[in-house]
Each structure stands twice: as structure tokens, then as C-alpha cells.
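Engineer: Sequence and predicted structure, then a few things I'm wondering about:
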Amino acid sequence: MNLKGVFIMGTGLIRILTLSIVLAIVFTWFALSNSQVVTVSLMLWSKQISLSLVILISILIGIIFTAVIAAWEQTRILAQFREVEKKLKHDEDLLHGAPSK
């Protein structure tokens, strides 16, 4: 990877982190403005907790699921990229008459 690629990835990371911080602030403000107690029921389990806690837990679960899916997709794309790089190297070797490995 060249330096331009590293710079672009770094810039993208800064944008993502900035957006994440802004969204975290907005979600926290929204959750704290909804401090009523609600009943959460799941099958036979029932519990009364703060609505803000329900909202924050829901956001956290969404972030975790999104991160897992994004990591899996990134891994898949990286594997495809490496495969294409390997084929390109093989084709370049054939073009220049070097023996392939």
C-alpha cells in the first residue's frame, strides 16, 4: 500500500470517529431526556427500568451488530483483494517471462 492510501484511510478514520462522537452525544442527550420508567418484557421475564437505559442498550446492541457485520465484510473484501493481487502478480510474471511460483 502506498502512502496516499494510508493518508486516505487515516482521513476516513478521523471522519468516522468524529461522526461517532457527534452521534454518541446526540443519542445520549436524547436518552437522558427520556427518563421515564418503562416495563420491559421478554417472554416470561419482566423488569421496570429507565427508558434512557433501554435506549442506550438498544443503541449499543445496534453498534455491536453493525461492527461485527462491517468487520466480516472488510475481511471478505480484503481476501478478495489479496486474491486479485496474487493473480495480477502471476500474470505480470508470465508477461515478463519470469517463472511462476
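Structural biologist: Looks like it came in fine.

Engineer: switch to C-alpha atoms for all contacts and neighbour counts from now on
Structural biologist: Will do.

Engineer: who touches residue 48 in this structure?
Structural biologist: Counting by C-alpha atoms under 8 Å, 6 or more residues apart in numbering, residue 48 touches 37-40.

Engineer: Report the mean per-residue pLDDT for the one helix or strand residue 75 maps to.
Structural biologist: Assigned by DSSP states H and E, residue 75 belongs to helix 51-96. The predicted model assigns helix 51-96 a mean pLDDT of 87.

Engineer: Mind giving me the packing neighbours of it?
Structural biologist: helix 3-32 (3 or more C-alpha pairs under 8 Å, 6 or more residues apart in numbering; DSSP states H and E).

Engineer: immediately after the helix it packs on, which helix or strand?
Structural biologist: Heading C-terminal from helix 3-32, the first helix or strand you meet, by DSSP H and E, is strand 37-42.

Engineer: What distance do you get for the most centrally placed residue in the chain to residue 94?
Structural biologist: Nearest to the geometric centre of the chain sits residue 67, at 3.5 Å (C-alpha atoms, centre = their mean). According to C-alpha to C-alpha, to the nearest Å, residue 67 stands 40 Å off from residue 94.
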